[in-house]
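Undergrad: Need coordinates for the following:
(chains A, B and C)
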Amino acid sequence: MTAPTPADRAIALRRQLDDANYRYHVLDEPNIPDAEYDRLLRELDELEAANPDLITPDSPTQRVGNAPSARFAEVRHAIPMLSLGNAFTQEDPAPGEDPYQEVRDFVRRIAEKLKRPHLFFSVEPKLDGLAISLRYEDGVFVQGATRGDGATGEDVTANLRTIKAIPMRLRGKGWPRVLEVRGEVYMPLAAFRAYNERALKDGGKVLANPRNGAAGSLRQLDPRMTAQRPLAFYAYAVGLVEGGELPETHSRTLARLRDWGFPVSAENRVVDGVEGLLDYYRDIGARRDTLPFDIDGVVYKLDDYEGQREMGFVSRAPRWAIAHKFPAQEQMTVLESIEVNVGRTGAVTPWALMQPVQVGGVTVTRATLHNADQIARLDVRNGDTVIVRRAGDVIPEVVRVVLERRPPGTRPWSMPTHCPVCGSEVVREEGEAIWRCSGELTCAAQRKEAIGHFASRRAMDIEGLGERYVEVLSDLGYVTSVADLYRLSVEHLLEMKRRADERDGTTPETVKAGKVATKWADNLIEAIDRSRNTTLERFLFALGIQHVGESTAKALALWFGDLELIRRMPWPLFKRVPDIGGEVARSLGHFFDQPGNQQVIDDLLARGVTIGDAHPPHPKLREDLGVASLLVDLEIPKVTRVRADQLAAAFPRVDALVDAPAHQFISAGLPSESANALAAWLEVPEHAALLARGGQVVEHLLSITPEGDTGPAGPLEGKTVVLTGGLAAMSRDEAGAKLEALGAKVAGSVSKKTSLVVAGEAAGSKLAKAQELGIEIWDEAQLLAFLAKHA
DNA sequence: AGCCCTCGAGTTCT
DNA sequence: CTCGAGGGCT
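TA: Next comes the predicted model:
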């Protein structure tokens, strides 16, 4: 046996590489790891570099891309690349109207002409990419072109060579001497995202969407650029055929193409009649968001060529095929104006008011613009034409501005300097993204939101007090603080309704309707009454303190157990609660420092709000509760944990510390710098008072906080559980409460700290993430079984 | 100082 | 659901 010649080796390498490509891109069953592929490719590359005469045009090394071409040559398609007629689904069908009429018409026309009992269609997803034509002579790829106007396209052979899913040489046998294959070059979504993520990191150019990514990549003048773009390809038709035969149906041609080495979509099917088409349409539509590529519809083609020939063409579109489009997920519309909204915390949020468009099957007129930074990034202006998207996430967003359509004379948008509702100044904290109205509760918008929040389901849960009534109650002055809700009577409500009707010009209620109004008022008063019985965590959440959401409210309730304690707490002590830091503690302190807020709490209690679950502080509060931690929590300059410990040892009682001169701090062991800083800090009367009060409260807390014993550990103690998807037997909230009762911590998002994910019906990204991280996953049945066992 | 994890807040339409 | 930012750990 002699050693293989370089020529033999080159052939062997090419075969291996081609085979690996085929398995990876066509069969979707990679047979060698990427690294091995790269090694083989490098070996071949080196071999060819040493023996240039061994280089062949179909060699895998030639995919990498040669020197840039000045411009693309024109290619005349031997057989024109057709465009398809479109069928749209009627989005708001009138009663009795068939939303699929256009598809039915298409099928009916064929049925009338062909007069067959059954019509079989080859169906496939319509990829959102770029149509191309590939020419093979004697089984070797010789030329590739874009669709262009259908008759003439551009020669992008060099760029197409870089796409590994396109075979350079046909496999198997039986191919015609000349074969033109048509298909779609596209960018898989995962590749698109990965590409953009990297581009963002490296400061490169971000692709607008996968379609633009594919189209832009193919038209790169330098194939080496194309080679870096992650493109893929699916074949869906055949053009010119010479010196060979094709099967008699489209579906069998596709199977043949696959044998010859072309990727063909795994979603292709053959279906019977119009119902078959529509089933397919609905099936793909339902799975649209989970497909690994973007599609804008499905394509129906009469499967047999005989029938196709008989149907023929109208102008340039075949009468035997049609594209059935999905409702667009992106639409162009005109932004009429940028408005702002004022939220509960005063956040001034800009949003776009647009001319109504159908996006993803619903009419969209408004979309959030998040904040001023986002507007600056997009550079959206009044009157701009914009692209609106409503992707899997339902909530519409402005994707970008169509600059070519910008009317003359527009100016960049800027945040109003004053609140549109109350006229207070709009301010922004250093380094923050959000501008806020400084009016606080003098601002009607903030008051309204505060009342709405107070009444909301997760807060005081006043059923029937929705946005509408909050608006009127607030506007007409019946309710200026949340405590006013508990002074309302049925008479007030009826009077309010009468005035509201007058104001809005609504026809006054008839006597009969008056009865209905009474009923409504009775119900609302009863709901308000019911809400008087509440829990500490709901109450704290309802107050709407900045940075205090449900979770923080719950923690406060658990750790301190008593409203009276909390409302008088010196703010640094809030930091004793896990997950509460300086920012949140200060916010709590700020809230309770305001006499107006204390008054509201007094009023609520005086008007019958009862908080049911007062209990002593959580035993763990004792841990590290003392003078030292108080000093640390006060954030005194130069007073670190070490210094605080020294001080605590020297001054077991805070009173003595408050009045002590600086030299006593030095005697306690502090360096003079720290001692002086502390003395200077204490000069400020508010500081001294805060420290003194802090000392008292620490002593009080220590006196009422029980020792150890945190109760029996539940079976889920220390576990973090995430609930996702819909449950049949109970709501997610109920399930969460039950899990918490067993000791679990219920979190909202999946991370590597998550111990367990309960996935209900139609679970989405959280389930995917759990699988990715290898976290234990239960279905509802497992959850119910577990709960039953441990109830 | 930087990273990871959570929480809070705001949001659209039927 | 997504973004921004607070909290805590390394």
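
Undergrad: Which single residue of chain A ends up nearest DNA strand C?
TA: residue A:581 (2.7 Å; C-beta to the nearest atom of the strand). Yep, even glycine has a C-beta here, placed from its N, CA and C like the rest.

Undergrad: Next, count neighbours for that residue.
TA: Neighbour count of residue A:581, defined by other C-beta atoms under 10 Å: 13.

Undergrad: What about the closest residue to it other than its chain neighbours, how many residues nearby?
TA: Nearest residue to residue A:581 in three dimensions, chain neighbours excluded: residue A:575, at 6.3 Å (C-beta to C-beta, 6 or more residues apart in numbering). Neighbours of residue A:575 under the rule other C-beta under 10 Å: 20.

Undergrad: residue contacts, residue A:575?
TA: A:581, A:582, A:585, A:633 (C-beta atoms under 8 Å, 6 or more residues apart in numbering).

Undergrad: Tabulate those in CSV, adding columns for pLDDT, distance to residue A:77 and secondary structure.
TA: Shown next, in CSV, are these (pLDDT from 0 to 100; distance: C-beta to C-beta, whole Å; DSSP: H, G, I helix; E, B strand; the rest coil):
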residue, pLDDT, distance to residue A:77, secondary structure
A:581, 91, 67, coil
A:582, 90, 69, helix
A:585, 93, 71, helix
A:633, 93, 76, helix
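
Undergrad: from the residues you listed, which two are the most distant?
TA: The largest separation in those, counting by C-beta to C-beta, is between A:581 and A:633 at 9.8 Å.

Undergrad: still on that earlier bit, who wins for most neighbours among the contacts of residue A:575?
TA: Highest neighbour count within the contacts of residue A:575: residue A:585, with 22 neighbours (other C-beta under 10 Å).

Undergrad: Contact residues of chain A facing DNA strand C?
TA: A:370-371, A:373-374, A:393-395, A:431-434, A:547, A:575, A:578-585, A:724, A:764-766 (C-beta under 7 Å from any atom of the strand).

Undergrad: Show me which of those are buried.
TA: Buried by 16 or more other C-beta atoms under 10 Å: A:370, A:371, A:434, A:575, A:580, A:584, A:585, A:724, A:766, out of the residues of chain A next to DNA strand C.

Undergrad: wait, isn't the second one in contact with residue A:428?
TA: The reference is to residue A:371. No: using C-beta atoms under 8 Å, residue A:371 makes no contact with residue A:428, being 9.6 Å away.

Undergrad: Overlap in contacts, the two.
TA: Counting by C-beta under 8 Å, 6+ apart, the residues touching both residue A:371 and residue A:428 are A:434, A:435.

Undergrad: For the stretch 451-600 of chain A, just list every one of the helices.
TA: In the stretch 451-600 of chain A, the helices defined using DSSP state H, counting those that start in this stretch lie at A:467-475, A:490-504, A:511-530, A:536-542, A:550-560, A:563-567, A:582-593, A:595-606.

Undergrad: Now the shortest one: buried residues?
TA: Neighbour counts using 16+ other C-beta under 10 Å place A:563, A:565, A:566, A:567 of helix A:563-567 among the buried residues.

Undergrad: One more: stretch A:187-207?
TA: Residues of stretch A:187-207 classed as buried by neighbour count (16+ other C-beta under 10 Å): A:187, A:188, A:191, A:192, A:195, A:196, A:207.

Undergrad: Could you find the closest non-adjacent residue to residue A:461?
TA: Closest residue in space to residue A:461, ignoring its immediate chain neighbours: residue A:531 at 5.9 Å, by C-beta to C-beta, 6+ apart.

Undergrad: rewinding a little: switch the buried residues of helix A:563-567 over to a markdown table; also include distance to residue A:36.
TA: Output for the buried residues of helix A:563-567, formatted as a markdown table (distance: C-beta to C-beta, whole Å):
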| residue | distance to residue A:36 |
| --- | --- |
| A:563 | 67 |
| A:565 | 67 |
| A:566 | 64 |
| A:567 | 68 |
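
Undergrad: all helices for the stretch 151-300 of chain A, in order.
TA: Assigned by DSSP H, counting those that start in this stretch, the stretch 151-300 of chain A shows helices spanning A:157-161, A:189-202, A:210-218, A:223-227, A:250-259, A:273-287.

Undergrad: now the angle between helix A:595-606 and the strand or helix carrying residue A:449, please.
TA: For residue A:449, the element it lies in under DSSP states H and E is helix A:444-455. Comparing the axes of helix A:444-455 and helix A:595-606 via axes from the mean of the first three to the mean of the last three C-alpha atoms, to 10 degrees yields an angle of 30 degrees.
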